[in-house]
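Asker: sequence and predicted structure, then a few things I'm wondering about:
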Amino acid sequence: MTERRTTGFWAFLCTLGRGINVVRLVVLNLVFFFFFFIIVLLLLGGYLGNRGEHVVQNDSVLVIRPKGDLVEQYSIDPMQRALAQLSGNPPKQVQLRDLVGAIDAAAKDTRITRILLLPDELQGGGFAALREVGAALDRFRAAGKPVIVWGASYDQGQYYLAAHADRVLVDPQGGVMITGLANYRLFYKDLLDKLGVDVHLFRVGQFKSAAEPYILDHASPESKEADSFWMGGLWDSYINEVAKLRKLDPATLRGDIDSLPEKIASARGDLGQLSLDEHLVDGLATPAELDAMMRKEGVPAGKKGEGFRQVSLQRYGDTLPDDSDGVAPGVAVVVAEGEISGGKQPQGSVGGESTAALVRAAREDKRTKALVLRVNSPGGEVYAAEQIRREVALTRAAGIPVIVSMGNVAASGGYWISMNADRIYAEPNTITGSIGIFGMVLTVPGTLDKLGVKSDGVGTSPLAGAFDITRPLDPKVGTVIQASIDKGYRDFVGQVATARGKPYDAIDTIAQGRVWTGQQALERGLVDQLGGLGDAVSEAASRAKLGKQYPVRYIEEPLGGFQQFLLGLNENAMVRVAQAYGITLPAWVAHIDSMAPELKLLRTAQSGRPNVYAYCFCSPR
């Protein structure tokens, strides 16, 4: 019997199917061999380059070129961070402890002769974090090694760091631009009115202004009064520190800043020369002149006789030992950075469950003899903050000393999680306080009305459906919510009073949602001592009687095996060899795991219930 041959449309489909299958196999093979080629090249590069990659030569300059934000903890997911580095686009974040640790190690490293700081791409960090880095630069200089800073130009944050150097240089086409501090916010009341959204705000605290943008179209007088006071304190601190570092008169420096527009006009727009005349910089230099200066001062030439001998911050950091995995007793550090939200939150945010779990893990680790809680948070959800505070209290009850180190901001909920420590450290320019809480309920019957939609029905009891956002808020429900907020405020103030050993009325007077600088908080008894993270760690070790040598362990969510593999590749010579040949992952790969921008206060708000916050919008620009 002969086989019947398929004809017609069915034959066409069969042929098309075979063609698609062939294309599929070709594409899969191409993808496989592409990645196989990359892996082989990386392995070959590692074999050829690993042996000399991490060797720091004698007479090297440590070049620090921070890019992006200075953070306490990476907020970028490890997978995304690894993919970004593999694609040749490293994430725009620098971890504070890595930077300070490298500077302190370089101060003792005989192979490093000086530091060259290039802060042009440093986009933000907060004055407290910058002060920590500045203190590390001061320790480096105290070891008899110079610090040189060069920039195409400097904003006031970059210059606050640059002022710690022996020499500050700027490009002839640049200059120093110090403008002062500001805290301007957007107000949404008119927009919400047009949309028909009703915002019901319940708060305690004369100066608790975090939610004002939803109920006002301008800042309240109380908000402006409080902001002017703490920002004035920050600005005074900035002026005095910069003037001291640059050996200038504070009044003269303040006057030069206030009259900057007139002075620039008088200098015919030459900001670089004006900066030199006002002794903000020590010289004008192009990049080529900077290289020549380094060579003239005895720094050997770089590879192929070009530039000067140097090692980057990242490569130098890769050579430093990590003693955190040993069994010796030491100090544990838990970082609480970002907004406080309920549940489990990723690194770079504070989760009621996840951060509390880290504190608990530190307490249950037999190696932990003292705990430092590093706080850099404007606050957030009240219950989440209370979960963390309870774990801090339990840690103290277990006989483990707890020291809080406040970073740029430790306000409202950030202060809530801090108050039960044995001792609280803050920088003079830390932003803290804001002891107060508020709640918000949003309803949209007006919005539905504009769309021709009505809500109607029945309930079994007076409060049934009370938090349905499609219905107007019953005033009786508002009374219930306000009573709850009042109790929350009394609890907050009462717990602070107990923790600080002060009468309730004394704390209530300095609470009311009012923001303070670290210096102002010290004067009012809200913190115990001025100092940075290093001071807090030393205090914790002293209370635990650990002596002078002890490990410091950061308690963080462990990375998965594949994440460790990817991050390990980035620290390996093989990747750098491949990148030197222009082989990287496509740039779009870095954005696969990215998320939508945070919605700040309302990001984690839940409908059908009042959302209660201890939050502070208090980051000046």
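Answerer: That came in fine, so what should we check first? Numbering: from 1, shown residues only.

Asker: give me the distance between the closest residue in space to Ala328 that isn't next to it in sequence and Ala136.
Answerer: With C-beta to C-beta, 6 or more residues apart in numbering as the criterion, Ala328 has its nearest non-adjacent residue at 5.5 Å, and that residue is Pro551. Every C-beta, even on glycine, is put in place using the N, C-alpha and C of the backbone. From Pro551 across to Ala136, the span is 19 Å (C-beta to C-beta, to the nearest Å).

Asker: likewise Glu306?
Answerer: 30 Å.

Asker: what of Ala292?
Answerer: 28 Å.

Asker: looking at the two, which is more packed in?
Answerer: Between Ala292 and Ala136, Ala136 has the larger neighbour count (other C-beta atoms under 10 Å), namely 23 against 14.

Asker: which of the three states applies to that one?
Answerer: When classified by DSSP: H, G, I helix; E, B strand; the rest coil, Ala136 comes out as helix.

Asker: show me the contacts for it.
Answerer: 99-100, 103-104 (C-beta atoms under 8 Å, 6 or more residues apart in numbering).

Asker: which ones among the residues you listed lie within helices?
Answerer: Counting by DSSP state H, those place 99-100, 103-104 in helices.

Asker: most neighbours, which of these?
Answerer: Neighbour max across the ones in helices among the contacts of Ala136 (other C-beta under 10 Å) = Ile103, 24 neighbours.

Asker: show the pLDDT at Gln123.
Answerer: Predicted confidence (pLDDT) at Gln123: the value is 85.

Asker: ok, now Gln206?
Answerer: 85.

Asker: ok so, going back, out of the contacts of Ala136, who's nearest Val299?
Answerer: When the contacts of Ala136 are ranked by distance to Val299 (C-beta to C-beta), Ile103 comes first, at 18.2 Å.

Asker: now the closest one: how far from His164?
Answerer: Taking C-beta to C-beta, one finds Ile103 at 11 Å from His164.

Asker: isn't His279 right next to Leu248, touching?
Answerer: Yes: contact criterion C-beta atoms under 8 Å: His279 and Leu248 qualify, at 6.1 Å.

Asker: between those two, which one's more packed in?
Answerer: Leu248 (18 against 14).

Asker: find the helix or strand that Gly488 is a member of.
Answerer: Element membership of Gly488 [criterion: DSSP states H and E] is helix 475-500.

Asker: which elements pack onto the next helix or strand after that helix?
Answerer: Once the chain leaves helix 475-500, the next helix or strand it forms, by DSSP H and E, is helix 504-510. With contacts taken as 3 or more C-beta pairs under 8 Å, 6 or more residues apart in numbering; DSSP states H and E, helix 504-510 sits against helix 475-500.

Asker: re the thing from before, now for the ones in helices among the contacts of Ala136: which two are most distant?
Answerer: It's Leu99 and Asp104 that sit farthest apart of these, by C-beta to C-beta, at 9.8 Å.

Asker: would you point out which residue is most central in the protein?
Answerer: The chain has Val71 as the residue nearest its centroid, 3.4 Å off, counting by C-alpha atoms, centre = their mean.

Asker: next, give phi and psi for that residue.
Answerer: phi -120, psi 160 (degrees, to the nearest 10).

Asker: what pairs with it across the strands?
Answerer: Gln95 (DSSP bridges).

Asker: begin at 22 from here
Answerer: Understood, numbering begins at 22; the last thing we discussed is Val92.

Asker: residues contacting Val371?
Answerer: 357-362, 398, 401, 405, 409, 438.

Asker: next one, pLDDT for it please.
Answerer: 94.

Asker: neighbours of the nearest residue to it once chain neighbours are set aside, just the number please.
Answerer: Among residues not flanking Val371 along the chain, Ile361 sits closest, at 4.3 Å (C-beta to C-beta, 6+ apart). For Ile361, the count of nearby residues is 32 (other C-beta under 10 Å).

Asker: equivalent analysis for Ala406, please.
Answerer: 32.

Asker: tell me which element Tyr322 falls in.
Answerer: Just so we're on the same page, residue 322 is Ala rather than Tyr. Counting by DSSP H and E, Ala322 is part of no helix or strand.

Asker: hmm, it is touching Arg330, no?
Answerer: Yes: using C-beta under 8 Å, Ala322 is in contact with Arg330, at 6.8 Å.

Asker: overlap of the contact sets of the two?
Answerer: Between them, Ala322 and Arg330 share no contacting residue under C-beta under 8 Å, 6+ apart.

Asker: the two: which is more packed in?
Answerer: The residue with more neighbours, out of Ala322 and Arg330, is Arg330; 19 against 13, by other C-beta under 10 Å.

Asker: any idea how far the closest residue to that one other than its chain neighbours lies from Gln78?
Answerer: Among residues not flanking Arg330 along the chain, Pro321 sits closest, at 4.5 Å (C-beta to C-beta, 6+ apart). Look at Pro321 and Gln78: by C-beta to C-beta, they are 8 Å apart.

Asker: which neighbours do the two have in common?
Answerer: With C-beta under 8 Å, 6+ apart as the test, Pro321 and Gln78 both reach Arg330.

Asker: which one of these two is surrounded by more residues?
Answerer: A side-by-side neighbour count of Pro321 and Gln78, using other C-beta under 10 Å, places Pro321 first with 16 against 12.

Asker: sorry, back to before: need the overlap of contacts for Ile124 and His185.
Answerer: Joint contacts of Ile124 and His185 (C-beta under 8 Å, 6+ apart) are Leu158.

Asker: in the stretch 22-171 of the chain, where is pLDDT below threshold?
Answerer: Counting by pLDDT under 70, the stretch 22-171 of the chain contains low-confidence ranges at 22-35, 37-38, 40, 45, 52-75, 97-112.

Asker: what about the strands in it?
Answerer: With DSSP state E, counting those that start in this stretch applied, the stretch 22-171 of the chain shows strands at 81-85, 89-92, 114-116, 133-138, 143-145, 168-172, listed in chain order.

Asker: what lies in contact with the second one?
Answerer: When contacts are defined by C-beta under 8 Å, 6+ apart, strand 89-92 is touched by residues 112-117, 120, 142-147, 150-151, 154, 358, 369.

Asker: same thing but at 6 Å, please
Answerer: 113-115, 117, 144-146, 150 (C-beta atoms under 6 Å, 6 or more residues apart in numbering).

Asker: quick check, Arg574 in a strand?
Answerer: Yes: counting by three-state DSSP, Arg574 falls inside a strand.
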